[in-house]
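Asks: return a 3D structure for these sequence lines:
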Amino acid sequence: MKECTYKTHGVCSREIKYTLDDEGRIHDLKFRGGCDGNLKALGILCEGMDARKVASLLKGNTCGMKDTSCADQLAKAIEEAIG
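Replies: Presented below is the predicted three-dimensional model:
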């Protein structure tokens with residue numbers, strides 16, 4: 001198991017924490033700050049999913065007039081963690 005922490009940029013949430021298991025699946029995804037209900041839902045939806053698949057699905061998602069989103073930041077966090 002690998003515990004991952006990522007400081008977000010350009011979004012309301014400030015930090016993303018999650019665990020990657022030995023098969024590259026996401027567990028215990030938590031955001032600090034941001035839209036509480038939406039980000040809790042994202043954690044539930046991503047639980048046990050392949051991290052590469054999650055990153056490919058969420059990469060490039062935007063929020064309002066921003067060029068990123070919490071979901072896009074998660075994709076960046078995953079890419080940083082798995083290389």
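Asks: for this protein, longest helix please?
Replies: helix 70-82 (DSSP state H).
Asks: pLDDT (mean, whole number) over stretch 28-37?
Replies: The average pLDDT within stretch 28-37 is 96.
Asks: what comes up buried for that stretch?
Replies: For stretch 28-37, a neighbour-count test (16 or more other C-beta atoms under 10 Å) marks 29, 31, 34-35 as buried. Using the backbone N, CA and C atoms, a C-beta is placed for each residue, glycine as well.
Asks: hang on, the earlier thing: in the longest helix of the chain, what's buried?
Replies: So, applying 16+ other C-beta under 10 Å, buried residues of helix 70-82: 70-78, 81.
Asks: find the residue at the geometric middle of this structure.
Replies: A centroid search over the chain (C-alpha atoms, centre = their mean) returns residue 74, at 2.5 Å, as the residue closest to the centre.
Asks: ok, that one to residue 49 distance?
Replies: 11 Å (C-beta to C-beta, to the nearest Å).
Asks: and if you look at residue 8?
Replies: In this view, residue 8 and residue 49 are 20 Å apart by C-beta to C-beta.
Asks: the two: which is more packed in?
Replies: Between residue 8 and residue 49, residue 8 has the larger neighbour count (other C-beta atoms under 10 Å), namely 22 against 15.
Asks: contacts only, for the more buried one.
Replies: For residue 8, the contacting residues are 14-16, 70, 73, 77, by C-beta atoms under 8 Å, 6 or more residues apart in numbering.
Asks: 10 Å instead?
Replies: 14-16, 31-34, 68-70, 72-74, 76-77 (C-beta atoms under 10 Å, 6 or more residues apart in numbering).
Asks: was I right about residue 6 contacting residue 15?
Replies: Yes - the pair residue 6 and residue 15 qualifies as a contact (C-beta atoms under 10 Å) at a distance of 6.8 Å.
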